[in-house]
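Peer 1: structure here, sequence nowhere to be found:
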């Protein structure tokens, strides 16, 4: 017994979950959607994703090391997740320079300025997306690469308009939106692949069902009401669910740990808020897509939601 | 078979019941025992022997000091060698009695025969409570709350059921499991005595599904004991927490800040029930208990019947010594046990196990930023927000801590067990809870 014994307070046991394990779990969940984007957008999808991840990780490393003067933690996987999510929000023919700007905004501004992983109030990938949307409107939404046709080309891809814009209505099959084949940004090309990723994350207990289900249910209910009131002009509710960034946002962006509420009831309120704002923007706002703004707006309310919506306590009952 | 459980939070640590199949062995009486005076919650007992006194097994050596306190008896026969501070599992020294062992001479009043007595009909409730108090019985699951206090039910309240806590939800520990298999009849009679003491007709024995042999054995036996029902439970930590056991079995929630009796429940550990049987029917005070001695690399892990006050080094020797790779020595289980600073500390009334963890499991992981994943919130069986409470405690915000119900925390460790960022949540919460409790106490004065 020459060895020294460690003394510490309990517990002396630890579960298997780690921060990097959770991050890589999210990456695994993104694999089906990534494969679909490769299938439909080919080389452009590959290059955009690779560059985005590279730029994000590099920004994380450089800012932490040279500006914050701390040891970089790029192996925790969080910068990779941001990189993939940013890429998934971009069209496959986007200029690499724009990706670099996006990566610097996401990691440098939206994440590290606030103290790095765990401290940022807004989802970094979404801040970058909105920044790019406002700064490079033409490149971000003007001409979406057409799936399959643009497989072998990157920056010079064949392009078309987003299915959510009104002139595209009725020209897109719902089944195409589910199984892929509608033009759009990388990650939203195949709804089913995103749903598979979501189911995987719920099964692995990386996320809970509350946020995605609350968002999707709210959008479905709200758009159905709009559709019933004004069938001439309104978009079929299913298009709203399957189209645009809704599923990508509901499953992967809104569920970001750092920027979403802690309690189950809080998560449901947050999801309903995102759903409502999305439908408002999509129907009456200036942009065809409202998911990014909706999530960012609700991100801002998370501290208040955390204060007002507490988990159900044991023993909260009144004695009879 | 239907398995019940509680509804909020909880975690599933690997249960590692290595010693579940090892029958109870009697550990030889050591040459010296050191018996602490504070082996229970409440005031330390008052020592009534002097240095040089001869004592017998079962002789009272320290008297309960007030209502919430417990008698302490000598577990050996011999001479009192020293009265003074002793090392204790908590890391602090406590007053105690050191006795040099000479032979094994028991008090004549103790019935040491093997016969199991069932003749409880003529015993009055007050007699049971008096004998439980005399015998110095405390909760043997680890909390060590004096049992006589639990059985002394205030006039305005009424017990509806006795709950026997045989959950043993801590990983590794099997002391209660073996007790149920090897002292099943005694457990049943002990339960009947507890029912009688609190004047109720029903008792439930809660056992988790990793002890199917015990569930089957006691279910079969319960046919002969009207009013006693075995309740199989799902595997989930911390089901052995009093409040969570009541929720699992009776579906009732003890309101925040109240006691089990407020919902009509009296909860006692399986080991306590057997101790009650021995005290009432055999006149035997609490002088020995079953201890699981275990660990992944321990050579011959097992369950031992040990005299109270035996230094744990004797238990470690009995299982083949401390393994080479040991990095942490724990009194109790891995979730709530205390890490020990020495092998000289004695087995106390609440020592349910001695666990030797290998070096690779002895250390905490590197603390990372909180990623606000909310896993601690999901895991908390009290429905608290450990991420918030630990932060408030770190900032010394005691009013906010109280408003966020820090006093409900049962220190079960689920939050830290589940935290992917290895944050010391419970350390901060225990600190904050201690401070807030002190503030509440000073307010009452």
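Peer 2: Good, I have the coordinates. Quantities reported herein were computed from a predicted structural model and do not represent experimental measurements.

Peer 1: residues near the residue in the stretch 51-200 of chain B that chain A sits nearest to, how many?
Peer 2: Nearest residue of the stretch 51-200 of chain B to chain A: residue B:171, at 6.5 Å (CB to the nearest CB). In short, each C-beta sits where N, CA and C put it, glycine included. For residue B:171, the tally of surrounding residues (other CB atoms under 10 Å in any protein chain shown) stands at 20.

Peer 1: that one reaches residue B:335, doesn't it?
Peer 2: Yes: taking CB atoms under 8 Å as the contact criterion, residue B:171 and residue B:335 are neighbours in contact, 7.0 Å apart.

Peer 1: shared neighbours, those two?
Peer 2: Jointly contacting residue B:171 and residue B:335 under the rule CB atoms under 8 Å, 6 or more residues apart in numbering or on different chains are A:13, B:13, B:237.

Peer 1: reformat these as TSV; add distance to residue B:127.
Peer 2: Formatted as TSV, the entries for those read as follows, by distance: CB to CB, whole Å:
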residue	distance to residue B:127
A:13	43
B:13	42
B:237	38
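
Peer 1: ranking those by neighbours, who comes first?
Peer 2: So for the shared contacts of residue B:171 and residue B:335 (other CB under 10 Å), the most neighbours sit at residue B:237, 29 neighbours.

Peer 1: count the neighbours of the residue nearest to that one when sequence neighbours are not counted for me.
Peer 2: Of all residues not flanking residue B:237 in the chain, residue B:169 sits nearest, at 4.7 Å (CB to CB, 6 or more residues apart in numbering or on different chains). Under the neighbour criterion other CB under 10 Å, residue B:169 is assigned a count of 26.

Peer 1: which residue does chain A have closest to chain B?
Peer 2: Of all residues in chain A, residue A:11 sits closest to chain B, with a separation of 3.2 Å (CB to the nearest CB).

Peer 1: all strands of the stretch 1-150 of chain B, in order?
Peer 2: Taking DSSP state E, counting those that start in this stretch, the strands of the stretch 1-150 of chain B run over residues B:24-26, B:32-36, B:46-47, B:54-55, B:60-63, B:72-73, B:78-87, B:93-101.

Peer 1: just these: most buried one?
Peer 2: Burial of the strands of the stretch 1-150 of chain B is given as mean neighbour count (mean count of other CB atoms under 10 Å in any protein chain shown); strand B:72-73 ranks first at a mean of 27.

Peer 1: what's next to it, contact-wise?
Peer 2: For strand B:72-73, the external contacting residues (CB under 8 Å, 6+ apart) are B:35, B:37, B:39, B:45, B:58-62, B:135-136, B:285-287.

Peer 1: equivalent analysis for stretch A:68-80, please.
Peer 2: By CB under 8 Å, 6+ apart, the list of residues contacting stretch A:68-80 from outside reads A:19-20, A:23-24, A:26-27, A:53, A:56-57, A:59-61, A:64-65, A:107, A:112, A:116-117, B:368, B:371.

Peer 1: again, only this time at 7 Å
Peer 2: If you take CB atoms under 7 Å, 6 or more residues apart in numbering or on different chains as the criterion, stretch A:68-80 is touched by A:19-20, A:23-24, A:27, A:53, A:56-57, A:60-61, A:64-65, A:107, A:112, A:117.

Peer 1: of those, select the buried ones using a PyMOL command.
Peer 2: Selecting the buried subset of these in PyMOL, with 16 or more other CB atoms under 10 Å in any protein chain shown as the burial test, is done by:
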select buried, chain A and resi 19+23+24+27+53+56+57+60+64+107+112+117
